[in-house]
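Engineer: mind folding the following:
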Amino acid sequence: MMISLSAKNKLGFVDGTIPKPLITSSSYSNWDRANSMVISWILNSLSKNIAESVLFLQTAYEIWSELKQRYEQLNGAMLYQIQQQLYSISQGTDDFSLYFTKLTKIWDELRVVQDLPPCSCAAATAIHKFLEEQRLIQLLMGLNDSYKILRGQILMMKPLPTVSTAYSLIIQEEQQRGINNLSIINNEAIAMLASSDNSSKKHLVCSHCKKNGHTKAQCYRLIGFPSNFKFTKTRKDENKSMAQNVEVISASSPSISPEQYQQLMDLVNSHKIGQASTQANLSVVNGAMNDEGPFIEE
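Structural biologist: The predicted model follows:
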């Protein structure tokens, strides 16, 4: 609120440096308009119950003073509460960015309460380094156990890195985990999709060939087999006996040259011609015997 009021040059209305002028003054109307605007800002920033308790105060200075008397705490009590939050905070279910934001807010509150004076002496560098190391330890203490390895690596660095450097290292680790988790999720999704596709195909039955895995509209026996189709064992079994006969014949028949084959064919043909001649002679003899009739005994 103080930052907002200071940016709009209205901080004097709440700290009393711009007093209320007389009603007869020429600047009263301008002051009253600005005062009403500051009151509306304050009331809008309060919870409903608290805003109703200060609604009828006339000036922004009165409202500011009333709230200060009610809720202002001594530095000791505020320091205790902030330190308690600081040492009890942990990452939990938050991602690292949200955890770091909460922790930074507590550090800022602690810096305001402690109100360390600016120092340019030789010990200022050592004090700043000490405070930076304390914040780094507090940051690492609240991390989940899944960062145990990275936490050990950071603590082994010499000198210890700054909080900004540690933040960068942890963010890189978190992003790398996100990429790995995404790859695992994609692989699982693909496997689940393939499994569901296979299970759905098992319930399909073709009314033509009575086989599972497809419908009649997808049956290759009706629409034709694709050129790259690999036949199953059933199709091979249909031609198994024919293939075995061919293999038996091929295995039992010795390989011969063309000349030997021609000689073999000539021998077979000559044998057939001899059988034909013998058969013809027998036919002639039988015919002659039939023409002579029965033997007549002399």
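Engineer: need the contact list for Thr101.
Structural biologist: Residues near Thr101 by C-beta atoms under 8 Å, 6 or more residues apart in numbering: none. Backbone N, C-alpha and C define where each C-beta goes, glycine included.
Engineer: pLDDT at it, what is it?
Structural biologist: Per-residue confidence (pLDDT) for Thr101: 92.
Engineer: is it fair to say it lies in a strand?
Structural biologist: No: with the criterion set as DSSP: H, G, I helix; E, B strand; the rest coil, the secondary structure at Thr101 is helix rather than a strand.
Engineer: check contacts around Val14.
Structural biologist: Going by C-beta under 8 Å, 6+ apart, the list of residues near Val14 reads 5, 38, 42, 60-61, 63-64.
Engineer: buried among those? Make that a PyMOL selection.
Structural biologist: Isolation of the buried members of the contacts of Val14 (16 or more other C-beta atoms under 10 Å) is achieved in PyMOL through the command below:
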select buried, resi 5+38+42+60+61+63+64
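Engineer: same list (the contacts of Val14) but as TSV, adding secondary structure.
Structural biologist: Converted to TSV, those look like this (three-state DSSP):
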residue	secondary structure
Leu5	helix
Val38	helix
Ile42	helix
Ala60	helix
Tyr61	helix
Ile63	helix
Trp64	helix
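Engineer: so which of the contacts of Val14 is the closest to Trp107?
Structural biologist: Distances from Trp107 to these, taken as C-beta to C-beta, are shortest for Leu5 (24.2 Å).
Engineer: for the nearest residue to that closest one once chain neighbours are set aside, phi and psi?
Structural biologist: Leaving aside its chain neighbours, Leu5 sits nearest to Leu11 (4.5 Å; criterion: C-beta to C-beta, 6 or more residues apart in numbering). The main-chain torsion angles of Leu11 are listed as degrees, to the nearest 10 and equal phi -70, psi -30.
Engineer: hang on, Leu11 packs against Ile3?
Structural biologist: No: Leu11 is beyond contact range of Ile3, at 9.4 Å (criterion: C-beta atoms under 8 Å).
Engineer: still on that earlier bit, I'd like the distance between the residue nearest to Leu5 and Trp107.
Structural biologist: From Leu11 across to Trp107, the span is 25 Å (C-beta to C-beta, to the nearest Å).
Engineer: still on that earlier bit, Leu11 and Ile3: who's more crowded?
Structural biologist: Leu11 (17 against 8; other C-beta atoms under 10 Å).
Engineer: quick one: the more buried one from Asp115, how far?
Structural biologist: Distance, Leu11 to Asp115, using C-beta to C-beta: 19 Å.
Engineer: tell me where the model's unsure across the stretch 51-200 of the chain.
Structural biologist: Scanning the stretch 51-200 of the chain with the threshold set as pLDDT under 70 gives 73-74, 179-200.
Engineer: can I see the domain layout of this protein?
Structural biologist: If the domains of the chain are taken from automatic domain parsing, they occupy 2-71, 75-179, 204-236, with pieces of a single domain joined by a plus sign.
Engineer: mind putting those into JSON lines with distance to Gln262?
Structural biologist: Rendered in JSON lines, the data for the domains of the chain read as follows (distance: least, C-beta to C-beta, whole Å):
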{"stretch": "domain 2-71", "distance to Gln262": "114"}
{"stretch": "domain 75-179", "distance to Gln262": "76"}
{"stretch": "domain 204-236", "distance to Gln262": "38"}
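Engineer: what's the closest of the ones you listed to Leu264?
Structural biologist: If you check each of those against Leu264 by C-beta to C-beta, domain 204-236 wins as the nearest, at 35.0 Å.
Engineer: and stretch 158-168, which residues are buried?
Structural biologist: By neighbour count with 16+ other C-beta under 10 Å, stretch 158-168 contains the buried residues 160-161, 163, 166-167.
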